[in-house]
Structures are given as structure tokens and as C-alpha cells.
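Colleague: Pasting the sequence and the predicted coordinates here, then a few questions.
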Amino acid sequence: MKPTPSTTSRRNIPPPLLTMGMEEEFLLIDPRSGRLRPAAGQVLRRLGGLAACRVVPELTRCQVETNSAVHTDLRALAADLLRLRALVSAAASDAGAALSACGTCLVGCGGMPPLSAAPRYWRMYEQFRALLYGQGVCGCHVHIGVADREEAVGVSNHVRPWLPLLQALTANSPITDGEDTGYASWRAMLWARWPSAGPPPYFLSVGHYDGLLRGLRASGAILDRGMVYWLIRLSHHLPTLEFRSADTCATVEEAVLLAALVRALAATALVEVRRGVPGPPVDHTLLCAAYWRSARDGMEGAVYDPITGRVVPAWTLAERLVETVRPALAAAGDLAPVTAALRALRRGGSGAERQRAPHRR
């Protein structure tokens, strides 16, 4: 007998061990004043060997991006990220700059940033003009290996409700231009101005996904697939699902925590997709509201749970996330390090809170 979705859903399908990779964006600043330093060209010229092809320019000349290798082991990912940060930090120091692991620049980041030389960025300026003002912001993107595009959009549907919490967990940009913005992640608010940004829609199929991209392109809201700025998107050049909700994390430990949680979410969702279970149809407007609330409050406040429709302490929802993905964390051997990392983050405060403490003083 051919299994139906209901009988298939009762099968014990183990969570898969998915691959993961990370892109981290960093600011280059003056080590004395903290102001942005357009030194990306000098930094990139000082990098050689493996780092030369894994550190790339970004939108502005005050930023660089690192690209990890593909990993299945958290410790290997952590060592890779640490090595890349050290190499770029040393190159920045040689160029008279400092590397800043922060979502926004603390001082002097208003107005039009100095754009990189790539023609694509100048086409963006011609099309979007003042949207680029203050856009020297930095995020952390996690790529999870999901090669089947139909499965990938199904995973996206399942994990949508958790995107606001991932933003809260990584919030690391409360200070801009010397002032506390009142948001744990001001980067999220700046980035939300783009017409293709924000939580992804609920996709009916991969054909629906591709049709939306064609419409965005036809409208002029994007120039190419690389400008799809949804918080989850199918990578346009890799067989991965890319999670884009996070600020650049202050530490490697926090970046690896994010990667572990994202992989466990994707693995848990992929099991449900293969069982034929649809993702929860969370209303897009409420999901945007939840994302705004998480960007404002971070982990030190309360968040809106789009599944229950209630505002709850951020750490209460974080505990629920761990319970939801516990089998996937355990299967990957990540449960103990994730539990320890969350405990350390709760004890020491989020990146946003650690920035605010000296700012208040």
C-alpha cells in the first residue's frame, strides 16, 4: 500500500546531519576614534594564501566579508571562524584599522557610505539612491545544505516562526552615531528599508518562489537574485538554504551557537517536510511585527510568539526552541555545547547589552 501523509508522518525519520557554512561581515574602523575607515582595499591586498579567496569586499569600502569552509562539526567551524577573524584582524591592523564585530558602527555612520568599486554596487546606488544612506551594516549568514529546492522552500515555511527569536539571540547593534537607538538590533531596522527585505512569504512551491523573484525583478525592487534580502532565501549560487536574520555576532562562540541552532531547526523541519507535514501558516503581518519586537527588545526583553500570539520573555521562547530541536541537536552531538553556550549568553548578557553597559557609563 502506498503510504499516505498521515501514515508517513508516524514513521521514525531521524534528523539528518546537514552541512553548514557561515558568512560574517565586519566593519573596519579607526582604532582611536571608532569611526568608519574605508580601508577594505588595503586589508584585502594584505591577505594571501587561503584567506585571499575567502575574504571578499562588501557594499562599502568600510566592510569585508569572510566565508567559512563547509562543515558538519561545530568545533571545526569554530576553529575556521576564529582563524579567519584573526587573519583579517591582523591585516586590518597592518592597514591602520581595526576589525569590529558589530551590526552597526558606533559613531559616524550616517549619510552615504563610501561604496566599493564593483559596478553592481553603483547600479544599486542609481536604482535605490538614499536607501544606501547609513547602510554600512553587518550581518551573519548561515548556509545549510538543502540541495532539493522543493524541500528547501518547505523548510523555509516551517522555520519562519522562529526567525524573530534568532534575531533576538544575535542582537548586537544598539548604538549608532554615538546614541542608544532603543533597539537591540538597529541593523535590522536599517536593513528592513529594502523592498525585498524582511521575513519570507509562505511559499506554495518552488515555482511560487521563482515566480515571486521574477516579479521582484520586473518591478525593479531587485536588480538580481543576490538582492533577495528575505531572512531566509534559497542561495542563488550554492545548493543551500541561507538564513540571514542575525547581526554579526560579537564572538565566535555566539556565531557557532547560531549555526548549531539554525542547523537543528532546518534538520527538524526537513523531517516534517519529508513526512508531508506543512509548515504553520503564520500570518506575514504578524511575523513582521514579531521581528520588529525582537529587534527592539532582544534577549533582555520580551518577544512576540507568532505561533501562540502571546508576548513572552525572550528566554522562555529560547527554552521552547531548544526543546523543539532537541532530537536534532542530540543527533548532531550539539546538545551539550548549545546548552552551555546559551547558559553563558544568559549569564553574561547579549551582545547588545554588553555594548550598552559601557555606553551608559
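Modeller: Everything's here; your move.
Colleague: alpha carbons only for contacts and neighbour counts from here, please
Modeller: Fine.
Colleague: got the contact list for residue 15?
Modeller: By Cα atoms under 8 Å, 6 or more residues apart in numbering, the contact set of residue 15 is 267, 268, 270, 271, 327, 328, 331.
Colleague: Then residue 125?
Modeller: Residue 125 makes contact with residue 132, according to Cα under 8 Å, 6+ apart.
Colleague: One more: residue 260?
Modeller: Neighbouring residues of residue 260 by Cα under 8 Å, 6+ apart: 74, 329, 334, 338.
Colleague: Which among the residues you listed count as buried?
Modeller: Buried by 16 or more other Cα atoms under 10 Å: 74, 329, 334, 338, out of these.
Colleague: Same list (those) but as JSON lines, adding pLDDT.
Modeller: Formatted as JSON lines, the buried ones among the contacts of residue 260 follow (pLDDT from 0 to 100):
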{"residue": "74", "pLDDT": "97"}
{"residue": "329", "pLDDT": "98"}
{"residue": "334", "pLDDT": "98"}
{"residue": "338", "pLDDT": "98"}
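Colleague: Show me the two of those that sit farthest apart.
Modeller: Distances among the buried ones among the contacts of residue 260 were taken as Cα to Cα; the most separated pair is 74 and 329, at 11.2 Å.
Colleague: Distance from the chain centre to the longest strand anywhere in the chain, please.
Modeller: Criterion DSSP state E: the longest strand present in the chain is strand 20-29. Taking Cα atoms, centre = their mean, to the nearest Å, one finds strand 20-29 lying 10 Å from the centre of the chain it belongs to.
Colleague: change the start of the numbering to 6 and stick with it
Modeller: Yes, from this point I'll number from 6; that puts the last item at strand 25-34.
Colleague: could I have the very next helix or strand once past that strand exported to PDB, CA atoms only?
Modeller: Sequence-wise, the next helix or strand downstream of strand 25-34 (DSSP states H and E) is helix 45-50. Coordinates of each C-alpha in helix 45-50 appear next as PDB, following Å, rounded to 0.1, in the frame of the first residue of the first chain:
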ATOM      1  CA  ALA A  45      38.900  47.400   2.600                       C
ATOM      2  CA  GLY A  46      41.200  47.600  -0.400                       C
ATOM      3  CA  GLN A  47      44.400  47.800   1.800                       C
ATOM      4  CA  VAL A  48      43.100  44.900   4.000                       C
ATOM      5  CA  LEU A  49      42.300  42.600   1.100                       C
ATOM      6  CA  ARG A  50      45.700  43.300  -0.500                       C
END
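Colleague: Which neighbouring elements make contact with helix 45-50?
Modeller: If you count contacts as 3 or more Cα pairs under 8 Å, 6 or more residues apart in numbering; DSSP states H and E, helix 45-50 packs onto strand 60-62, helix 79-99.
Colleague: which stretches of the stretch 156-305 of the chain form strands?
Modeller: Assigned by DSSP state E, counting those that start in this stretch, the stretch 156-305 of the chain shows strands spanning 180-181, 184-185, 237-239, 245-252.
Colleague: With respect to burial, which of the ones you listed scores highest?
Modeller: Among the strands of the stretch 156-305 of the chain, the stretch with the highest mean neighbour count (mean count of other Cα atoms under 10 Å) is strand 245-252, at a mean of 27.
Colleague: That one: partners in the sheet, and parallel or antiparallel?
Modeller: Sheet partners assigned to strand 245-252 using DSSP bridges are listed as strand 144-150 (antiparallel), strand 237-239 (antiparallel).
Colleague: Residue 256: which of these is closest?
Modeller: strand 144-150 (11.5 Å).
Colleague: just how off-centre is that closest one within its chain?
Modeller: Its chain's average C-alpha position is 6 Å from that of strand 144-150, according to Cα atoms, centre = their mean.
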